[in-house]
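K.L.:
My questions are about this predicted structure, shown below with the sequence.
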Amino acid sequence: GEDVEQSLFLSVREGDSSVINCTYTDSSSTYLYWYKQEPGAGLQLLTYIFSNMDMKQDQRLTVLLNKKDKHLSLRIADTQTGDSAIYFCAERDGGSQGNLIFGKGTKLSVKP
Amino acid sequence: NAGVTQTPKFQVLKTGQSMTLQCAQDMNHEYMSWYRQDPGMGLRLIHYSVGAGITDQGEVPNGYNVSRSTTEDFPLRLLSAAPSQTSVYFCASRSGWGGVNIEAFFGQGTRLTVV
């Protein structure tokens, strides 16, 4: 079945760039997402990319998609302490229901 | 605009007890779903619904029942709680289930402990 993999932890210094990586298995996925979860809260959509795109930039966020390798990354420029959270990669499965399949989440810690 | 509302926020159950986690959305979304979040496991889909009267199983449906009698509400029932159901439960909704509908909106979660 479909699977989404991402590393569990990332630690960076304030002001540095953070890069969170993700791999997925469903080549028929139409959309790929990055969700952010702050402590004790639900998930909020951070950004998304359509499968026919290679890159999407939104202020400090850059999403890169390598469809051949089924690899997705999220780069956060000038990382701030407020960016500390768990970041989930998700793919929309290729079936008609479009269920979201999540990775295990990467916990980003930003040190001052 | 309340979005997706889950109640309760916290619950402690004894093994064998039953309870219903409530989820309501006020965005007239057709698609609603329940996930559970466990440490190191990410979010796993329990059940989902693409409209009133229609439900289907996700990845981990055992021990849970759902129904969808209205567009707004999608309750999750635990018939006989087990310690393995200790988790954080999230409800999510989305406009439509296919096509270009992009964003799923999540509730704040229900933290359930079964002792």
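P.N.:
Done, it's in.
K.L.:
Spell out which parts of chain A neighbour chain B.
P.N.:
Within chain A, the positions adjacent to chain B are A:4, A:8, A:31, A:41-45, A:48, A:88, A:96-105 by CB under 8 Å from any CB of the partner chain. C-beta here means a position set from N, CA and C on the backbone, and glycine is covered the same way.
K.L.:
Quick check: residues of chain B near chain A?
P.N.:
Neighbours of chain A within chain B, by CB under 8 Å from any CB: B:4, B:31, B:33, B:35, B:40-45, B:48, B:50, B:56, B:58, B:90, B:92, B:94, B:97-98, B:101-104, B:106-109.
K.L.:
Put the buried members of those residues into a ChimeraX selection.
P.N.:
Buried residues among the residues of chain B next to chain A (16 or more other CB atoms under 10 Å in any protein chain shown), as a ChimeraX selection:
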select /B:4,31,33,35,42,43,44,45,48,50,58,90,92,94,97,101,102,104,106,107,108,109
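K.L.:
what about B:Asn28, neighbour count?
P.N.:
Residues lying near B:Asn28 (other CB atoms under 10 Å in any protein chain shown) number 9.
K.L.:
same check, this time on A:Trp34
P.N.:
There are 23 residues near A:Trp34, going by other CB under 10 Å.
K.L.:
go on, B:Ile54?
P.N.:
Number of residues near B:Ile54 (other CB under 10 Å) recorded here: 11.
K.L.:
go on, B:Ser95?
P.N.:
By other CB under 10 Å, neighbour count at B:Ser95 equals 15.
K.L.:
Return the distance of stretch B:51-64 from the chain's centre.
P.N.:
Centre-to-centre, stretch B:51-64 and its host chain are 9 Å apart (CA atoms, centre = their mean, to the nearest Å).
K.L.:
end-to-end on it?
P.N.:
End-to-end distance for stretch B:51-64: 19 Å, by CA to CA, to the nearest Å.
K.L.:
which parts of it are buried?
P.N.:
Using 16+ other CB under 10 Å as the test for burial, stretch B:51-64 gives B:52, B:55, B:58, B:60-61, B:64.
K.L.:
For chain B, give me the ranges with low pLDDT.
P.N.:
Low-confidence segments of chain B (pLDDT under 70): B:1, B:96-102.
K.L.:
Do a quick rundown of the strands in it.
P.N.:
Ranges of strands in chain B, per DSSP state E, are B:4-7, B:10-13, B:19-25, B:31-38, B:42-51, B:54-57, B:64-66, B:76-78, B:87-94, B:105-106, B:110-114.
K.L.:
For the buried residues of stretch B:51-64, could you give me a markdown table that also reports distance to B:Thr113?
P.N.:
Formatted as a markdown table, the buried residues of stretch B:51-64 follow (distance: CB to CB, whole Å):
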| residue | distance to B:Thr113 |
| --- | --- |
| B:Ala52 | 32 |
| B:Thr55 | 26 |
| B:Gly58 | 22 |
| B:Val60 | 18 |
| B:Pro61 | 21 |
| B:Tyr64 | 16 |
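K.L.:
The closest residue to A:Tyr48 other than its chain neighbours: which element?
P.N.:
Sequence neighbours aside, A:Tyr33 is the residue nearest to A:Tyr48 in space, at 4.6 Å (criterion: CB to CB, 6 or more residues apart in numbering or on different chains). Assigned by DSSP states H and E, A:Tyr33 belongs to strand A:31-37.
K.L.:
Could you pull up the residues touching the residue nearest to B:Asp73 when sequence neighbours are not counted?
P.N.:
In this structure, B:Asp73 finds its nearest non-sequential neighbour in B:Ala24, 5.2 Å apart by CB to CB, 6+ apart. Taking CB atoms under 8 Å, 6 or more residues apart in numbering or on different chains, we find B:Ala24 in contact with B:2, B:4-5, B:72-74.
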